[in-house]
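**Q** Here is my input, please return the structure:
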Amino acid sequence: MEQMTAQIIPFKQQRFYATFGQGHEHKNCYVEIEAATADDARQAMFAIFEAKWAFSYSYDKFKGQPERWGYRPIGVIYFTGDCGWQWDSAKKGEYGAR
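**A** Residues are numbered from 1 along each chain as shown. Prediction:
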């Protein structure tokens, strides 16, 4: 009997961003999200912040937004696998580093 082995193929992580509106605890801030898809990034936001955030953006759509609106970074959300989505408020992300 031939034994099958599973091959794990990692998803390419992309950078997404989400902002917080005026009525939120983190108003005028944004968080960077490392996710495979835009849907994954939205799921991460709901997992960490529930519905207490405003808009999500791809890297290209987010370009210029912090400068234009004065947004400040408040960390990075990433997927750990075993523990799910995690928010590291100490990391400031890589916006503008590209």
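
**Q** and residue 32, how far is that from residue 63?
**A** 13 Å (C-beta to C-beta, to the nearest Å). The C-beta positions use only the backbone N, C-alpha and C, and glycine is treated the same way.

**Q** I'd like the secondary structure assignment at the nearest residue to residue 29 once chain neighbours are set aside, please.
**A** Among residues not flanking residue 29 along the chain, residue 74 sits closest, at 4.5 Å (C-beta to C-beta, 6 or more residues apart in numbering). Residue 74 falls in the strand class when you classify it by DSSP: H, G, I helix; E, B strand; the rest coil.

**Q** And for residue 68?
**A** Going by three-state DSSP: residue 68 is helix.

**Q** Which of the three states applies to the residue nearest in space to the middle of the chain?
**A** Centroid check for the chain by C-alpha atoms, centre = their mean gives residue 33 as the closest residue, at 1.4 Å. Put simply, residue 33 is strand when judged by three-state DSSP.

**Q** contacting residues around it?
**A** 15-18, 41, 44-45, 56, 76-78 (C-beta atoms under 8 Å, 6 or more residues apart in numbering).

**Q** where's the dip in pLDDT among these?
**A** Minimum pLDDT for those is recorded at residue 78 (90).

**Q** Okay, and the beta partners of that one?
**A** Beta-bridge pairing for residue 78 (DSSP bridges): residue 86.

**Q** Enumerate every residue touching it.
**A** By C-beta under 8 Å, 6+ apart, residue 78 lies in contact with 13, 33-34, 85-86, 88.

**Q** Which of the residues you listed are buried? Put it as a PyMOL command.
**A** When burial is assessed using 16 or more other C-beta atoms under 10 Å, the buried subset of the contacts of residue 78 is captured in PyMOL by this command:
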select buried, resi 33+34+85
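
**Q** Could you single out the nearest of the contacts of residue 78 to residue 70?
**A** residue 33 (20.3 Å; C-beta to C-beta).

**Q** chain center to the longest helix seen in the chain, what's the gap?
**A** Longest helix in the chain by number of residues, with DSSP state H as the criterion: helix 38-49. Centroid separation for helix 38-49 versus its chain: 7 Å, with C-alpha atoms, centre = their mean, to the nearest Å.
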